[in-house]
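*Asks:* Coordinates for the following, if possible.
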Amino acid sequence: MDFWTAAVLIAAMISVVTIWTRRHDRELGITRDEDGNPVFPPQPQGKAEDAEARAEIARLKQRIAVLERIVTDRGHSLAEEIERLRDERSVEDTRLPGIDLSPRADKREAAR
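*Replies:* Numbering: from 1, shown residues only. Presented below is the predicted three-dimensional model:
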């Protein structure tokens, strides 16, 4: 087989594959953009899929609400715990004689 025969056979095979691919794409509703990339048709969603998506969104909103409540409640209890520990430390702190580190001491000085 000489060079020109092989070139013609390769060109014919490429043409057949291209025609078959385009016909197959047309049956599936696939088009091509200006760069030759396939563009798939939008998939119609049924009412069942819509209902499932809405139920999933509702479940996720509930989970977000629970997480927000946990975060905000935890922050409040954390602030209370810090204040409690600060009060305990001021009672037990004897390293600095004559200096009261409790928040109550600040209030007494401000009242003077």
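
*Asks:* Would you report the backbone torsion angles of Asn30?
*Replies:* Asn isn't right for residue 30; it's Ile. phi -90, psi 130 (degrees, to the nearest 10).

*Asks:* From Val16, how far off is it?
*Replies:* To Val16, Ile30 is 19 Å away according to CB to CB, to the nearest Å. For glycine as for every other residue, the C-beta is placed from the backbone atoms N, C-alpha and C.

*Asks:* And Ile70, by the same measure?
*Replies:* Taking CB to CB as the measure, Ile70 falls 64 Å from Val16.

*Asks:* Do you have the helices of the chain handy? List them.
*Replies:* 3-28, 47-92, 103-111 (DSSP state H).

*Asks:* Could you save those helices as TSV and add columns showing mean neighbour count?
*Replies:* Listed next are the helices of the chain as TSV, based on neighbours: other CB atoms under 10 Å:
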stretch	mean neighbour count
helix 3-28	10
helix 47-92	10
helix 103-111	9
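
*Asks:* among those helices, which is nearest Glu34?
*Replies:* helix 3-28 (15.6 Å; CB to CB).

*Asks:* pLDDT of the closest one, averaged?
*Replies:* Averaging pLDDT along helix 3-28 yields 92.

*Asks:* Ok, stretch 65-80 next?
*Replies:* The average pLDDT within stretch 65-80 is 75.

*Asks:* cool, and stretch 88-101?
*Replies:* Mean pLDDT, stretch 88-101: 60.

*Asks:* how's the chain carved up into domains?
*Replies:* Listed by automatic domain parsing, the domain ranges of the chain are 1-43, 62-112.

*Asks:* Of all those domains, which one is nearest Ala53?
*Replies:* domain 1-43 (13.1 Å).
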